[in-house]
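**Student:** Fold the following for me, if possible:
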Amino acid sequence: MRPTDSADLADARYEAYMQDIQPGVRRYNVFWHAFEGSNVLPSQMPLSCASGYQQVPASQDELQSKGYNRYHCYASSQIQLFEAYLALDATYSIQSCATIWDIPDPPFRNPSCGGQVINNQTNKGGCIPQDQDVMLDFQDFVNFVAEHYNSDTGGRFTHYIIWNEVANGDWFDPSPMINAKQATSQQDTNLWLDTYALMVRLAHDAIQRHSKAPTMLYISLDQIWEKPVGECPPYLPGLQHCHIGSLNVVRGMWERLGLSIDWSLAIHPYGNPTKADWPTYFHFADINRIAAFQVSMLRKAGAAEPQRWPQAMMAATEQGWPAVTEEQQMQAASYICTAHDIVVSSPYALFVTHNDFQAPFSEDRTGLVPRWTGRTLNNTDRMQSTTFAAYSASHPDVWNTDPSHFCCTMHQRGCPTSAGKAKAPAYASN
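**Tutor:** Next up is the predicted model:
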């Protein structure tokens with residue numbers, strides 16, 4: 001989807017989603033920077049916002065009654081864009097998930113925060129709030145998202161992921177407070193975890209203030225489970241900062257949050273779903289292993305029926321595979337089938353959202369479903385796309401019911417037992 005898409009195109013695309021796939025969740029990057037990008041800074045006094053921006057909250061009464069710390073100027077176009085998206089989600093009974101991150105420019109982020117280089121450009125969206133005042137501005141942004149997008153008919157977010165891959169200094173950049181390009185001491189790691197735990201707790205309080213429906217809150221983890229052995233640098237392949245290990249983040253949240261609030265895991269299991277790419281990486285087949293760790297921590301904390309607590313649950317919210325060549329398409333399709341089979345068989349996996357379903361622009365090299373299937377997914381030959389066929393096999397009326405779907409015929413996944421084919425084997429974790 002593009003911000004410039006017409007309502008008719010969006011409706012047609014959603015109709016195709018429901019006919020061929022029937023997705024249950026749509027995940028959005030809700031970029032703080034895109035909302036609060038004017039030069040008018042937050043204030044405890046009412047603001048005069050620039051053209052194209054509106055004051056939030058609207059009045060002194062709302063400041064107090066709706067739990068805001070300060071007044072802000074938020075972009076009207078972004079507010080309206082998500083109003084349209086969530087209304088469509090609500091119309092088609094799709095749950096909406098928000099990944100909240102991407103800090104605005106100074107003074108919100110420290111001007112000395114280094115960021116990372118992506119495509120020869122420095123990206124500083126992962127820089128964290130630079131002080132306690134900006135932490136309250138972050139809470140106000142979450143407060144706005146939870147309060148504004150909260151309608152039975154207009155849609156609401158019921159899943160919130162706080163920041164992105166927070167064990168990875170590329171995406172959770174604590175500089176200059178911590179130099180994540182050098183080896184991190186235990187003191188550095190503790191400060192890193194203290195900062196993230198504060199962000200999660202502030203977000204939780206804002207979301208709970210306005211929640212009218214069951215809502216899940218997630219911490220964000222990439223697939224590097226254990227902290228790599230040895231000094232950093234050198235960095236792991238593809239990284240520009242040190243990595244403290246997702247397991248350390250989870251342990252840190254148990255120490256700092258425990259059972260005081262409900263929280264779950266948003267995992268990013270890139271790579272082959274059944275075979276880790278690195279000895280310290282987790283993958284789809286490790287979902288139950290990660291859940292077992294969480295259940296053990298719940299038992300230690302004295303939780304009754306630990307398998308039923310949010311801390312034992314997780315969602316695979318970002319993973320994707322190169323799908324440009326025909327060979328890559330075939331492999332990606334097999335991974336979609338295998339990942340779906342693993343997730344639906346686990347009592348601890350809530351949902352999967354891949355990155356990306358379809359590239360938004362023709363020059364993009366991301367996107368699992370090729371662009372020739374159509375902007376509205378209406379190409380009559382769309383099932384000739386192996387990745388689209390794999391997605392379609394996940395339709396709840398097809399999976400484990402229809403023996404002719406792609407994942408069953410090509411990979412023996414999701415077959416009905418009456419079809420004479422063995423169901424997918426149990427997956428062993430590394």
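**Student:** Show the low-confidence segments of the stretch 201-350 of the chain, by residue range.
**Tutor:** Where the stretch 201-350 of the chain drops to pLDDT under 70, the residues are 277-279.
**Student:** what ranges do the strands span in the stretch 101-250 of the chain?
**Tutor:** Counting by DSSP state E, counting those that start in this stretch, residue ranges of the strands within the stretch 101-250 of the chain are 116-118, 121-123, 150-151, 155-162, 216-222.
**Student:** Quick one, which of these gets closest to Leu239.
**Tutor:** strand 116-118 (8.7 Å; CB to CB). Just so you know, the C-beta spots here come from the backbone N, C-alpha and C atoms, and that holds for glycine as well.
**Student:** and the strands of the stretch 101-250 of the chain as CSV, adding distance to Asp356?
**Tutor:** Listed next are these as CSV, based on distance: least, CB to CB, whole Å:
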stretch, distance to Asp356
strand 116-118, 16
strand 121-123, 18
strand 150-151, 27
strand 155-162, 16
strand 216-222, 17
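**Student:** what's the longest helix in the chain?
**Tutor:** helix 186-210 (DSSP state H).
**Student:** Give the buried residues for it.
**Tutor:** Within helix 186-210, the residues scored as buried using 16 or more other CB atoms under 10 Å are 188-189, 192-193, 195-204, 206-207, 210.
**Student:** ditto for stretch 286-305
**Tutor:** Asp286, Ile287, Asn288, Ile290, Ala291, Phe293, Gln294, Val295, Met297, Leu298, Ala303.
**Student:** I figured the last one hits Trp254, correct?
**Tutor:** No: counting by CB atoms under 8 Å, Ala303 does not reach Trp254; the two are 11.4 Å apart.
**Student:** Helices of the stretch 51-200 of the chain, start to end?
**Tutor:** 60-65, 76-91, 132-148, 186-210 (DSSP state H, counting those that start in this stretch).
**Student:** ah, wrong one, I meant the stretch 251-400 of the chain
**Tutor:** Going by DSSP H, counting those that start in this stretch, the stretch 251-400 of the chain shows helices at 287-300, 326-345, 386-393.
**Student:** okay, the first one in CSV with CA atoms only?
**Tutor:** It stands for helix 287-300. Listed next in CSV are the C-alpha coordinates belonging to helix 287-300 (Å, rounded to 0.1, in the frame of the first residue of the first chain):
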residue,chain,number,x,y,z
ILE,A,287,9.6,-20.9,19.0
ASN,A,288,8.7,-23.6,21.5
ARG,A,289,12.3,-23.5,22.9
ILE,A,290,11.9,-19.7,23.5
ALA,A,291,8.5,-20.3,25.0
ALA,A,292,9.9,-23.0,27.3
PHE,A,293,12.4,-20.4,28.6
GLN,A,294,9.6,-17.9,29.3
VAL,A,295,7.5,-20.6,31.0
SER,A,296,10.4,-21.5,33.3
MET,A,297,10.8,-17.8,34.2
LEU,A,298,7.1,-17.5,34.9
ARG,A,299,7.3,-20.5,37.2
LYS,A,300,10.2,-18.9,39.0
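**Student:** That one vs helix 326-345, what angle?
**Tutor:** Relative orientation of helix 287-300 and helix 326-345, computed by axes from the mean of the first three to the mean of the last three CA atoms, to 10 degrees: 30 degrees.
**Student:** Pull the residues that contact helix 287-300.
**Tutor:** By CB atoms under 8 Å, 6 or more residues apart in numbering, the residues outside helix 287-300 that reach it are 225, 247, 250, 254, 259, 265, 267, 269, 282, 306-307, 309, 311-314, 316, 342-343, 346, 348-349, 429.
**Student:** just the shortest one next, same as before
**Tutor:** Contacts to helix 386-393, defined as CB under 8 Å, 6+ apart, come from residues 20-21, 323, 329-330, 332-334, 336-337, 340, 357, 368-370, 373, 377, 382-383, 398-399, 405-408, 410, 413-414.
**Student:** ditto for the second one
**Tutor:** Contacts with helix 326-345, where a contact means CB under 8 Å, 6+ apart, come from 269, 272-274, 284-285, 287, 316, 319-323, 349, 351-352, 354, 368, 370, 385-387, 389-391, 393-394, 399, 406-407, 410-411, 413-414, 424, 427.
**Student:** Filter those residues down to the buried ones.
**Tutor:** 269, 272-274, 284-285, 287, 316, 319-321, 323, 349, 351-352, 354, 368, 370, 385-387, 389-391, 393-394, 399, 406-407, 410-411, 413-414, 424, 427.
**Student:** from those residues, which ones fall inside strands?
**Tutor:** Applying DSSP state E to these, the entries found in strands are Ala316, Ala349, Phe351, Val352.
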